[in-house]
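Peer 1: everything below, folded, please.
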Amino acid sequence: MVGVLIVTHGDLAQSLISTSELIIGELKMAGAVSIWPKENKEAVRVRIQEEMAKVDEGDGVVILTDILGGTPTNQSLPLL
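Peer 2: Below you'll find the model as predicted:
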């Protein structure tokens, strides 16, 4: 199964997962990374990598971000 990782500014990523789980039940292969202002970019990239490893069962991971050109996208792109 392909994992899903949502990377966003603030609490949006976790809120999207929580709301989806209210509707369809537990999402076992979904993860969230929240990025906050003034957070170290290298630390963000490490957290994204760690969360990718948690949701990857060998079929890959789809990364969803909130704003094209924003920090979530820019820190995720090098991990492709």
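
Peer 1: got the buried residues for the longest helix seen in the chain?
Peer 2: Criterion DSSP state H: the longest helix present in the chain is helix 41-55. Buried residues in helix 41-55, defined by neighbour count with 16 or more other Cβ atoms under 10 Å: 44, 45, 47, 48, 51, 52, 55. From N, CA and C alone the C-beta is placed, and that goes for glycine too.

Peer 1: from these, which is closest to residue 14?
Peer 2: residue 51 (11.4 Å; Cβ to Cβ).

Peer 1: can you count the residues close to the residue nearest to the closest one when sequence neighbours are not counted?
Peer 2: Counting by Cβ to Cβ, 6 or more residues apart in numbering, the nearest residue to residue 51 once its immediate chain neighbours are dropped is residue 31, at 4.3 Å. By the criterion of other Cβ atoms under 10 Å, residue 31 has 23 neighbours.

Peer 1: where's residue 31, which helix or strand?
Peer 2: For residue 31, the host element (DSSP states H and E) is strand 30-35.

Peer 1: so how far is residue 74 from the most far-flung residue of the chain relative to its centre?
Peer 2: The outermost residue of the chain, judged against the average C-alpha position, is residue 23 (19.7 Å), by Cα atoms, centre = their mean. From residue 23 across to residue 74, the span is 31 Å (Cβ to Cβ, to the nearest Å).

Peer 1: for residue 44, which non-adjacent residue is closest in space?
Peer 2: Residue 44's closest residue in space is residue 75 (Cβ to Cβ, 6+ apart), at 4.9 Å.

Peer 1: pLDDT value on residue 5, please?
Peer 2: Note for residue 5: predicted pLDDT of 98.

Peer 1: and the helix or strand harbouring it, what does it pack against?
Peer 2: If you go by DSSP H and E, residue 5 is part of strand 3-9. On a contact count with 3 or more Cβ pairs under 8 Å, 6 or more residues apart in numbering; DSSP states H and E, strand 3-9 meets helix 12-24, strand 30-35, helix 41-55, strand 61-65, helix 71-76.
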